[in-house]
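Visitor: below is the sequence, then the predicted model.
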Amino acid sequence: MGSEGCNPRKPRFLCLHGFRTSGEILRKQVTTKWPQSVLDKLDLVYVDAPFPCQGKSEVEGIFDPPYYEWFQFNKEFTEHQNFDECLAYIEDCMVKHGPFDGLLGFSQGAILSAALPGLQEKGVALTKVPKIKFLIIVGGAKFKNQSVTEKAYASPIQCTSVHFLGEQDFLKPYGTELIESCVDPLVIHHPKGHTIPRFDDKTLEEMHRFLDRLHKEVNTSHTEQEVSSQKAS
């Protein structure tokens, strides 16, 4: 929904779930861990990845199926299958459910989310949708596939971004590399592993400041667009 009259518009995020989970699982992970004071400031849209999972899911017995994956990869994470199809699918989702201001991603979804602004800037992905402005990255990392990395990280990631970095997350070193590729990122540290974390008082305050910044950017941009539209008419 856009803003009506004086009502401020919430930043709208497309949410990309982890490997062999689902949009509904990510929704449950976020809404059970994050307080309403955070959720009320975001317009979150959850979608399933395009491919049914092709193996065992690590969340079996914790969350109900079905499970999905965004693309397939080898053990070294250097080769991917169905990656172009994945990019086209995400663009279709953004056209159908958008417009979006940003991306929220966890795990495989976070790796994708952080790479998409650079791929969009290079004109190889998301050419039919507005520029991605914001990122919320949980348990992220950088791609290792050279054909992706040379485009996705050719220049620093300019999006306003927050990164959740777990002290026990097996991806922490790779998440740190990703953070170093971003311009002025907010980093929220938490003591857990590869998971959607809860907030403590300090990190909740940091998140609220980040979201206030997003609201200001979104609604300043919206007001400017309205003024330009009125002038044009």
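Guide: It's in. Only a predicted model underlies this, so the values are computations on that prediction, with no experimental measurement involved.
Visitor: from here on, contacts and neighbour counts on C-alpha atoms
Guide: OK.
Visitor: hey, C-alpha coordinates of stretch 187-206 in CSV?
Guide: In CSV, the C-alpha atoms belonging to stretch 187-206 read as follows (Å, rounded to 0.1, in the frame of the first residue of the first chain):
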residue,chain,number,x,y,z
VAL,A,187,26.1,-4.3,12.0
ILE,A,188,24.0,-5.9,14.7
HIS,A,189,26.0,-8.6,16.6
HIS,A,190,24.2,-11.4,18.4
PRO,A,191,25.5,-14.4,20.4
LYS,A,192,23.6,-17.1,18.5
GLY,A,193,24.4,-19.1,15.4
HIS,A,194,22.9,-19.3,11.9
THR,A,195,19.4,-18.1,12.8
ILE,A,196,17.0,-15.2,12.9
PRO,A,197,18.1,-13.6,16.2
ARG,A,198,16.1,-11.9,18.9
PHE,A,199,17.0,-8.3,20.0
ASP,A,200,18.3,-7.2,23.3
ASP,A,201,17.8,-3.6,24.6
LYS,A,202,20.9,-2.3,22.8
THR,A,203,20.3,-3.9,19.5
LEU,A,204,16.6,-3.1,19.5
GLU,A,205,17.5,0.6,19.9
GLU,A,206,19.9,0.3,17.0
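Visitor: what does that stretch contact?
Guide: The contact list for stretch 187-206 (CA atoms under 8 Å, 6 or more residues apart in numbering) reads 29-30, 33-34, 106-107, 138-139, 162-171, 179.
Visitor: mind listing what's buried along that stretch?
Guide: Buried residues in stretch 187-206, counted by 16 or more other CA atoms under 10 Å: Val187, Ile188, His190, Gly193, His194, Thr195, Ile196, Pro197, Phe199, Thr203, Leu204, Glu206.
Visitor: partner strands of the strand ranked longest in the chain and their direction?
Guide: Secondary structure assigned by DSSP state E gives strand 160-166 as the longest strand of the chain. According to DSSP bridges, strand 160-166 forms sheet pairs with strand 134-138 (parallel), strand 186-190 (parallel).
Visitor: and the contacts of it?
Guide: If you take CA under 8 Å, 6+ apart as the criterion, strand 160-166 is touched by 133-140, 172, 175-176, 179, 182-195, 197, 210.
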